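**Q** Give me a model of this one.
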Amino acid sequence: QVYLAESGGGMVQAGGSLTLSCAASELQTTEWAMAWFRRYPGREREFVAAISKSAITKVVAHSLQGRFTISRDFAKNAVYLHMNNLQSEDTAVYYCAAGQSPLMFVTNYEFWGQGTPVTVSP
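**A** Next comes the predicted model:
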């Protein structure tokens with residue numbers, strides 16, 4: 001059974017940084033495009049960033065460019081979301097996902113993690 005496990009969430013002050021990790025089991029991440037989404041309470045998941053199977057293509061939501069980046073470690077079968085200069089509006093639950101292409105659409109992704117919460121305090 002495929003399992004994606006996010007970690008690295010927590011509480012941080014505004015202006016701080018966090019790196020989220022996504023580890024996969026029973027899934028070779030090199031065979032999948034990987035992405036991060038986030039969800040605010042009562043709202044749908046929104047796209048944050050995606051990376052292609054080869055890591056050549058990286059896509060970051062326009063509003064997050066310059067602060068968020070995505071990377072992957074083939075040896076560790078893991079994907080990371082690097083978040084800098086965090087603001088209160090970044091407070092959300094962050095989800096890792098695996099799909100066929102590095103697209104912005106929720107429906108593109110077949111497997112999802114359980115999410116890790118990020119809280120940014122003023």
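**Q** Show me the residue at the heart of the protein, geometrically.
**A** residue 36 (2.5 Å; C-alpha atoms, centre = their mean).
**Q** Would you mind confirming that it makes contact with residue 70?
**A** Yes: at 6.6 Å, residue 36 counts as touching residue 70 under the criterion of C-beta atoms under 8 Å. The way it works is simple: take the backbone N, C-alpha and C, and place the C-beta from them, glycine included.
**Q** Residues in contact with both of these two, list them for me.
**A** 49, 50, 79, 81 (C-beta atoms under 8 Å, 6 or more residues apart in numbering).
**Q** so can I have a markdown table of those showing pLDDT and distance to residue 25?
**A** As requested, the shared contacts of residue 36 and residue 70 are arranged in a markdown table below (pLDDT from 0 to 100; distance: C-beta to C-beta, whole Å):
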| residue | pLDDT | distance to residue 25 |
| --- | --- | --- |
| 49 | 98 | 22 |
| 50 | 98 | 21 |
| 79 | 96 | 13 |
| 81 | 98 | 19 |
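**Q** These in strands, which ones?
**A** Taking DSSP state E, the ones among the shared contacts of residue 36 and residue 70 that sit in strands are 49, 50, 79, 81.
**Q** neighbouring strands for whichever helix or strand the residue nearest to the centre of the chain is part of, and are they parallel or not?
**A** According to DSSP states H and E, residue 36 maps onto strand 33-39. Paired neighbours of strand 33-39 in the sheet (DSSP bridges): strand 46-51 (antiparallel), strand 92-99 (antiparallel).
**Q** Many thanks, I have nothing further to ask.
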